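# requesting a structural model of the entry that follows:
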Amino acid sequence: MLRWQNQETNSEFQLTYELAAQLEAEPLRNNQQLLDFQVRSRHIRWPEYVQPLDTEVRGQSVYLDKQSDFVSSLRRPLDAGNRRELLVCHDMMGNYLNDRHFHSSEKYDDYRFLHWSAVDYFCYFSHQYVTIPPSGWLNAAHRHGVPVLGTYIVEGDQGSRLLHEVLANVESVQRIVAAMTRLCLHFGFEGWLVNVECRVRAESMANLYRFVEELRQATENQVPHGRVIWYDSVIDNGDLSWQNELNERNVRFFRLSHGTLINYNWNDRSLEHTAAIVSQEQTSPHRVFMGLDVFGRGQIGRFQSSQTLSRIAAKGFSGGIFAPAWCFETLQQFGYNIRQTQGDDSVNAAFLDRNERWWSRLWPWLATHPYRSLPFYTDFCVGSGKSNYERGRRHSHRSFFNLAQQSLQPSVPLVGNAEHCFDSVYQGGNCLRIINYERAFRLLLTDFDLTHGVLLLGYAFKQDQIKDSSNTFDLVLRFSPISDQNEDLYVFCGLYDDIMVPGRCYISPLDHSLDDKFSINQLSSGHSPISDDWQVRHYVVKFDGPVRLLDIGVKCSRSELSTGNSYLGAVYVNSLSLGDCQSVHRKTEINVFTQKLWQK
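Numbers count the residues shown, from 1 in each chain. The predicted structure follows:
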């Protein structure tokens with residue numbers, strides 16, 4: 001669990017322990033706790049511990065269809081007629097497990113969420129009254145530009161009592177709304193999933209509507225990027241009656257919220273009824289999140305979940321995926337012990353493999369957000385590791401699980417192309433081991449504008465048999481002129497004598513030590529020298545006009561007899577000004593004349 005180092009006195013240790021206890025996430029179980037703000041961290045300044053939502057890190061999502069892992073120009077843009085979103089509800093064994101701690105635990109094989117580029121909203125779900133998302137999830141989601149929702153849920157007799165305390169009068173509704181809004185602002189999350197799963201007295205229905213509307217207004221007006229989503233449960237007469245569709249019995253909740261998560265027992269007729277109501281309301285179908293329970297309740301789930309998602313997408317609705325940690329929880333059915341406190345290699349590998357395969361089957365029906373802000377850096381750390389590494393050298397021998405340490409993740413599932421490696425690492429807890437040596441594959445979908453036409457690229461890599469000339473390692477970049485994205489240029493960044501042919505450019509890394517202004521980045525800076533096993537390459541590419549970097553892929557090759565592996569440890573991308581570029585010797589840069597090379 002939590003560990004503290006370099007403590008010289010018992011009082012210092014106690015102070016640190018108390019601080020860690022205050023940072024531990026917890027739900028609120030009644031209205032008194034909610035109104036009185038009875039949280040351990042009431043005096044903690046959470047902006048010091050939680051990264052705010054990064055609204056610049058990613059751009060407008062696009063559809064990649066069935067070519068998600070190809071470095072290709074296929075991108076279907078979203079517009080008002082085809083926009084679909086994705087809400088992910090994380091509910092695993094009641095939640096508030098190892099993830100509730102600020103520093104989490106040593107259980108490096110625990111559940112981690114990786115596929116943020118497809119997600120528009122992430123909900124941390126539990127069956128407690130008011131669920132406050134832990135800091136690790138907030139940091140991981142916010143780093144990827146994903147808003148996080150807490151959960152307000154009432155169930156059974158106890159839930160009914162709590163809800164009717166809220167709905168007793170207008171003033172109590174307003175006090176609870178203010179208290180819930182305060183939680184968002186204090187902890188730094190963006191809103192709520194409201195789940196009323198108990199019968200509501202008929203005379204209280206007016207205040208239930210008021211509660212949803214005022215919570216939406218307060219969240220919208222006071223919480224940056226605030227959202228409130230209603231769960232299909234109670235209907236207009238107060239009965240608890242899941243409709244599994246949008247209809248006249250629950251449409252008022254839809255109007256009062258930002259969207260509705262439809263219960264997962266829908267059918268094709270439900271889709272038709274919902275489409276008719278959406279048309280009648282003259283709103284966008286993307287505000288309807290059709291439920292998909294990954295365990296398969298009510299719909300086809302598990303590894304066949306894509307069949308359900310394809311039906312949702314065909315009608316233009318958004319998806320509401322519930323319990324994607326199925327990939328981790330169900331390992332128990334196959335003899336894996338997922339409860340070992342120190343973590344287990346076999347559990348870790350099995351989960352990551354199942355997780356990648358499951359998400360890869362969904363991807364043709366999901367939209368992908370490209371990365372768009374520079375400078376860009378990732379070392380692919382998933383938020384856990386058997387050890388902590390710095391520039392290829394083991395920095396700490398303790399295993400860790402800490403979602404706050406998760407780096408920016410690949411834009412698409414890795415299945416068949418690469419896998420996570422925890423034994424040979426450049427930075428953080430893991431790197432990527434290449435397993436596809438047949439063709440180039442996409443790693444990062446990007447929208448990086450290089451207005452001055454100058455790119456700085458760096459990457460750290462390792463090859464087991466580096467002296468074998470048949471083993472090559474390239475990053476493949478796809479560019480287009482900003483003025484015309486219908487033309488492509490592919491730049492292969494490996495080890496070449498500079499070769500330029502129409503549509504392609506093959507370049508070698510800088511042939512001397514980088515200028516200080518180029519070396520101060522997360523690839524080259526650190527307290528430790530770079531391990532002899534790892535290499536860092538830097539490239540400067542200068543175009544004759546503004547360009548956009550749209551894809552970063554990987555292309556490796558090796559001989560049929562080679563058994564050596566190739567690893568990618570980190571990637572760094574930045575734009576340079578023309579003045580910066582002048583400090584690089586001519587022999588160390590490649591000039592790309594787009595008018596000649598953008599002709600295939």
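# mind checking the SS state of Glu165?
helix (DSSP: H, G, I helix; E, B strand; the rest coil).
# nope, Val573 is what I meant
strand.
# contacts only, for it.
Leu374, Pro375, Phe376, Tyr377, Thr446, Phe448, Leu455, Leu456, Leu457, Gly458, Leu549, Ile552 (C-beta atoms under 8 Å, 6 or more residues apart in numbering). (C-beta placed from N, C-alpha, C; glycine too.)
# any idea how far the second one is from Ser575?
What it means is Pro375. With distances taken as C-beta to C-beta, to the nearest Å, Pro375 is found 8 Å from Ser575.
# in terms of neighbours, single out the busier of the two.
Taking other C-beta atoms under 10 Å, Pro375 and Ser575 do not tie; Ser575 has more neighbours (19 against 12).
# what bridges to that one?
Leu455 (DSSP bridges).
# got phi/psi on the nearest residue to Gly301 once chain neighbours are set aside?
Spatial nearest neighbour of Gly301, excluding adjacent residues (C-beta to C-beta, 6 or more residues apart in numbering): Val294 at 5.0 Å. The phi/psi pair for Val294 (degrees, to the nearest 10) reads phi -70, psi -30.
# just Trp326 next, same as before
Per degrees, to the nearest 10, the backbone of Trp326 is at phi -50, psi -40.
# equivalent analysis for the one 3 residues further on, please.
Backbone torsions of Glu329, given as degrees, to the nearest 10, read phi -60, psi -40.
# looks like it contacts Met93 (just checking).
Yes: using C-beta atoms under 8 Å, Glu329 is in contact with Met93, at 6.5 Å.
# mind listing the strands for the stretch 251-400 of the chain?
259-262, 288-293, 318-322, 367-368, 376-378, 384-385, 388-390, 393-396, 400-401 (DSSP state E, counting those that start in this stretch).
# any chance of these in TSV, with mean pLDDT too?
TSV is the format used below for the strands of the stretch 251-400 of the chain (pLDDT from 0 to 100):
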stretch	mean pLDDT
strand 259-262	98
strand 288-293	97
strand 318-322	98
strand 367-368	98
strand 376-378	97
strand 384-385	97
strand 388-390	94
strand 393-396	89
strand 400-401	96
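# the ones you listed into CSV, with extra columns for mean neighbour count?
Shown next, in CSV, are the strands of the stretch 251-400 of the chain (neighbours: other C-beta atoms under 10 Å):
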stretch, mean neighbour count
strand 259-262, 26
strand 288-293, 27
strand 318-322, 25
strand 367-368, 22
strand 376-378, 19
strand 384-385, 26
strand 388-390, 21
strand 393-396, 15
strand 400-401, 24
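# these: which one's closest to Glu48?
Across those, Glu48 has its closest neighbour in strand 400-401 (20.5 Å, C-beta to C-beta).
# what's the average pLDDT for the helix or strand containing Leu432?
Counting by DSSP states H and E, the element that carries Leu432 is strand 431-434. The pLDDT scores in strand 431-434 average 98.
# next helix or strand past that strand?
Assigned by DSSP H and E, the successor of strand 431-434 is strand 441-450.
# next one: that following strand to chain centre, how far?
16 Å (C-alpha atoms, centre = their mean, to the nearest Å).
# would you mark the buried spots in that strand?
For strand 441-450, the neighbour count (16 or more other C-beta atoms under 10 Å) marks Phe441, Arg442, Leu443, Leu444, Leu445, Thr446, Asp447, Phe448, Asp449, Leu450 as buried.
# what is it packed up against?
Secondary-structure packing of strand 441-450 (3 or more C-beta pairs under 8 Å, 6 or more residues apart in numbering; DSSP states H and E): strand 376-378, strand 547-557, strand 566-575.
# select, out of the ones you listed, the one closest to Glu248.
Closest among the helices and strands packed on strand 441-450, once you apply C-beta to C-beta, is strand 547-557, at 45.5 Å.
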